[in-house]
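Peer 1: quick one: sequence and predicted model below, then my questions.
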Number of protein chains: 2
Amino acid sequence: MADTTRMSVAEIEEFAAGMLQAAGTSPDNAAPLAKAIAAAEREGIASHGLMYLPIYMEHVKCGKVSGTAVPGVTHPKPGTILVDAGTGFAHPAIAIGFAALVPAAQACGIAVLAVSNSYNCGVLGYHTEALAAEGLLGIGFTNSPASIAPAGGAKPVIGTNPMSVAAPDGAGGAALLIDQSASVVAKSEVMKRAREGEPIPLGWALDADGNPTEDADAALKGSMAPAAGYKGVGWGLLTELLAAVATGATLGIDASPFSGTKGGPPRTGQMFIAIDVATTSGGAFAERLSALTAAIGAQEGVRLPGAKRAAARARADAEGVAVPTAILDKARALLA
Amino acid sequence: MADTTRMSVAEIEEFAAGMLQAAGTSPDNAAPLAKAIAAAEREGIASHGLMYLPIYMEHVKCGKVSGTAVPGVTHPKPGTILVDAGTGFAHPAIAIGFAALVPAAQACGIAVLAVSNSYNCGVLGYHTEALAAEGLLGIGFTNSPASIAPAGGAKPVIGTNPMSVAAPDGAGGAALLIDQSASVVAKSEVMKRAREGEPIPLGWALDADGNPTEDADAALKGSMAPAAGYKGVGWGLLTELLAAVATGATLGIDASPFSGTKGGPPRTGQMFIAIDVATTSGGAFAERLSALTAAIGAQEGVRLPGAKRAAARARADAEGVAVPTAILDKARALLA
C-alpha cells in the first residue's frame, strides 16, 4: 500500500480550501467545494475526494472552471428557482440555490432548482442529502459529457447521468439515500483505474469500435456500457431531459470533457426537486418509511442503500481518514 | 392465429365503457378507464388493452375495486394536490387530480399530485403524456404489490414499480416518452404468458426458491428479476418512495395482489410531478430537445423511446385494431 497520511475530516476540508484558494478560487466558492471534498473522504468515496482536488485546481488555472464566478439567482415563479453558475463550480451554485429552494418547497409543497452553465457537481447524493437534512425529500439529476450510446447505436448521446433520491429521517439526515448512474459503473471508476494503470472488468465499457474492453484507456476513448441495456439508456435520458434540456444547460453531446484541460467550460446542468412529503403523505411518511426500511434491513446479507456511507462516516469521525501522501503532494506541486 | 374482430378505436372505447358499466362501474368512473383501454389498443400495448377488461369487471364484482367510488380532492399547499381514490379505479382519480395539477404547475412552476387508496393505473406513460399534452414535462411513479427482492435478499420488498417521463412537443403531444419498470420486463408480460400457457425467457424471473425459471406460473409464485441487479432495485425503491411512502399509500409489501379476486383492494398509490419547463429552461427547452432527439434519431437502427407507440397509433387510426374475439366473448360472459 502507498504511503498515507492520517487526517481528520476538518483537516481535509481546511487543506482543500487552502489549495483551491491558492489556485485562484474565491473563498466563497472554495468553501462549499472543500466541504464536499471532505464529506466524500468521510464517506469513503475516494474517487470524489482529495483525488479530485488537483483536477479542480488545474481546471481553475486553465479556465475550464471560473474560480471567481458569482452565481446569479432568479425566482421567476413561486416554486421555481434558477441559478446561472456562470461557468463556476457547481457546489456554490447549488448551495445558493438551496437557500431559496428550501423555503419555496415548504411554502408551495414542492419546488424545483434548475442550475445551468455549471460544472461537475461531484457526489450527487451529497446534495440531495442536504435537502433531506431540511426535512424534505430531495431528488437530483446531473448531466455529463456524452459517453453512453443509445440501444442499437454506436455514438454516445448522453453521459453516465446519475440520479439520486434522499428520504428525510426527520432528525437532520437521510434514512435512505440512492445515488446511481445510468451506466454499469460511474465513469470516475474507469478514470481512477486509467490513472493507476489498472484494467477494468469486462462489461463496464466499450472501446471506440464498440467492442467490450478491459483496457481503461481504451474505454475512455470509447463508451460506457449502459446498465440493463435500453433501460439504462432510458434512465440516463430521463436525467438528460431534467438536468440539461429542462434547465437550458449544455447537452452532453455538446459539452466539453470533465477531464483534461482542453475545451473550455463544460456548462452542464443540474436539477433538484424538493418535496414536502409530510404534506403529500398526510403525515404518514415516517411510519411508511420505517416499515419499508425494516422489510429490507431484516433480510440477511442485505444492506440498505446509503448504509455503507453511514458506516464510513462513523469510522472517519473516530479515526480520521488515511489519505495517500502522493495526492497531497500532487496538489502542492501545482502551486510551485 | 386466433379469430379476431377488427374494431375502430372509438368502438373499443364504447365496448369497454358499456361492459364496465354493466359490471357495476359508474359512468364517471367507466369513461376515463375505457378511454385508457382504447388508447392502449391504439398504441399496440395489448397487455393493457381489452385483455384487462374482464379482470377490471371481475374486480368490480368481487370488491377488489369500487366501481362507484368518488375520488376526494384536497389542495393543502399551492403546489400540492392530494387525491384519495377511495379504493376506486386509478384513472378517474388521476384525471380529477390533473384538473387541479395542471393550473397549479402553471402558477407555481412545478406541482405534485399524490394519489392514495388507489388501484393499478395501467400504462403509466398514458398519464404522463396527458401532462405533456398540456405543455408540461410530466413525471410519474406507481407502486405495485411486492415482487422484486433486494440485492442479496430472497424476499420481495418492492413491486416492478415503473417510472415514466413525457417531454412536451409544444403541439399537444410528447416528443419523447419513457415508461419502464424496475424489473427486466413488466409483470403483465409474465401474466400474459401464464394465461396463454407459454414459457418465459430465462432471466425474466425467479421461482419461489430464488432459482431462474422459464415457467410463467412458477415465476408468478416467485419474484421478478430486477433490471441491472442492485440498480434496478434502486430505481424501484425510488418509485416506492414517491408513489407509496410519500403519498401515504399502501406499500408493496402490504398490498393485496393486482391479479385474482382475493385480498380486497390493493390501495396502492401514484405520484405525478408536472414541471413548467419553459420557465425552468429560460425558454431553451424546445431547441435543446430537438438537438437531443436529432442526435438519437440520426443513428441507424436506433429508435426514439415512444416511437413504436406513435407508429402503432397511426396504423390503428387508419386500419383499426384486430382484437381477439375470445377476449370480447370473455367480457360478455361475465355478464351472463
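Peer 2: Sure thing, it's come through.
Peer 1: in chain A, what residue sits furthest out from the centroid?
Peer 2: Distance to the chain centre peaks in chain A at A:G282, reaching 31.5 Å (criterion: Cα atoms, centre = their mean).
Peer 1: show me where pLDDT drops low in chain A?
Peer 2: Chain A contains residues with pLDDT under 70 at A:1.
Peer 1: 80 instead, please
Peer 2: Applying pLDDT under 80 to chain A flags residues A:1-2, A:152-154, A:209-210.
Peer 1: stretch A:288-301 near chain B at all?
Peer 2: Yes. Residues of stretch A:288-301 are located near chain B by Cβ under 8 Å from any Cβ of the partner chain, namely A:288-289, A:291-292, A:295-296, A:299-301. Backbone N, C-alpha and C define where each C-beta goes, glycine included.
Peer 1: can you tell me which of those are in helices?
Peer 2: In helices, judged by DSSP state H, the following of the residues of stretch A:288-301 next to chain B are found: A:288-289, A:291-292, A:295-296.
Peer 1: so, in contact with chain B or not, stretch A:136-143?
Peer 2: Yes. Stretch A:136-143 reaches chain B (Cβ under 8 Å from any Cβ) through A:137, A:139.
Peer 1: tell me how far that stretch lies from the chain's centre.
Peer 2: On the basis of Cα atoms, centre = their mean, to the nearest Å, stretch A:136-143 sits 10 Å off its chain's mean C-alpha point.
Peer 1: OK, contacts around the residue of the stretch 101-250 of chain A found nearest chain B?
Peer 2: Closest approach of the stretch 101-250 of chain A to chain B (Cβ to the nearest Cβ) occurs at A:G109, with a separation of 3.1 Å. By Cβ atoms under 8 Å, 6 or more residues apart in numbering or on different chains, the contact list for A:G109 reads A:275-276, A:279-280, B:76-80, B:111-112.
Peer 1: try 10 Å
Peer 2: The neighbours of A:G109, taking Cβ atoms under 10 Å, 6 or more residues apart in numbering or on different chains as the test, are A:79, A:274-280, B:75-82, B:104, B:108, B:110-112, B:114.
Peer 1: over to it: give its phi and psi.
Peer 2: Main-chain dihedrals, A:G109, degrees, to the nearest 10: phi 100, psi -20.
Peer 1: the one 3 residues further on now?
Peer 2: Dihedral angles phi and psi of A:V112 (degrees, to the nearest 10) take the values phi -130, psi 140.
Peer 1: nearest spatial neighbour of it, skipping sequence neighbours?
Peer 2: Spatially, and ignoring its direct neighbours in sequence, A:V112 is nearest to B:I110 (4.5 Å; Cβ to Cβ, 6 or more residues apart in numbering or on different chains).
Peer 1: give the burial count for the one you found, as a bare number.
Peer 2: Using other Cβ atoms under 10 Å in any protein chain shown, B:I110 has 31 other residues around it.
Peer 1: before we move on, the earlier item: could you turn the buried ones of the ones in helices among the residues of stretch A:288-301 next to chain B into a ChimeraX selection?
Peer 2: Buried residues within those, by 16 or more other Cβ atoms under 10 Å in any protein chain shown, are selected in ChimeraX with:
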select /A:288,289,292,295,296
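Peer 1: B:M191: which of the ones in helices among the residues of stretch A:288-301 next to chain B is nearest?
Peer 2: A:A295 (23.8 Å; Cβ to Cβ).
Peer 1: now do the contacts for that closest one.
Peer 2: With contact set as Cβ under 10 Å, 6+ apart, A:A295 has these partners: A:302, B:146, B:150, B:153, B:155-158, B:251-254.
Peer 1: quick one, what contacts A:S259?
Peer 2: Residues in contact with A:S259 (Cβ under 10 Å, 6+ apart) are A:55, A:58-59, A:64, A:120, A:145, A:187-188, A:191, A:194-195, A:220.
Peer 1: where do the helices sit along the stretch 51-200 of chain A?
Peer 2: Using DSSP state H, counting those that start in this stretch, the helices of the stretch 51-200 of chain A run over A:53-62, A:90-108, A:124-132, A:187-196.
Peer 1: how close does the nearest residue to A:T213 once chain neighbours are set aside get to A:G222?
Peer 2: Nearest residue to A:T213, sequence neighbours excluded (Cβ to Cβ, 6+ apart): A:D207, at 4.3 Å. Distance from A:D207 to A:G222, counting by Cβ to Cβ, to the nearest Å: 4 Å.
Peer 1: just how off-centre is stretch A:135-149 within its chain?
Peer 2: Remark: stretch A:135-149 is offset 8 Å from the chain centroid, using Cα atoms, centre = their mean.
Peer 1: related to what we said a few turns ago, between A:D207 and A:G222, who's got more neighbours?
Peer 2: A:G222 (22 against 17).
Peer 1: what about A:A249, neighbour count?
Peer 2: 30.
Peer 1: nope, A:H91 is what I was after
Peer 2: So A:H91, with other Cβ under 10 Å, has 26 neighbours.
Peer 1: same check on A:A286?
Peer 2: The burial count assigned to A:A286 is 17, neighbours taken as other Cβ under 10 Å.
Peer 1: before we move on, what about A:R6?
Peer 2: The number of residues near A:R6, taken as other Cβ under 10 Å, comes to 10.
Peer 1: that one: which element?
Peer 2: If you go by DSSP states H and E, A:R6 is part of strand A:4-7.
Peer 1: that older thread, which residues touch the residue nearest to A:V112?
Peer 2: Counting by Cβ under 10 Å, 6+ apart, B:I110 has contacts A:77-80, A:104-105, A:108-112, A:273-275, B:79, B:104, B:136-137, B:273-277, B:279-280.
Peer 1: now, the residues you listed that are in strands?
Peer 2: Mapping the contacts of B:I110 onto strands (DSSP state E) picks out A:77, A:80, A:110-112, A:273-275, B:137, B:273-275.
Peer 1: can you report phi and psi for the closest residue to A:G269 other than its chain neighbours?
Peer 2: Using Cβ to Cβ, 6+ apart and skipping the chain neighbours, the partner closest in space to A:G269 is A:A249 (2.5 Å). Here is the backbone geometry of A:A249 (degrees, to the nearest 10): phi -80, psi 170.
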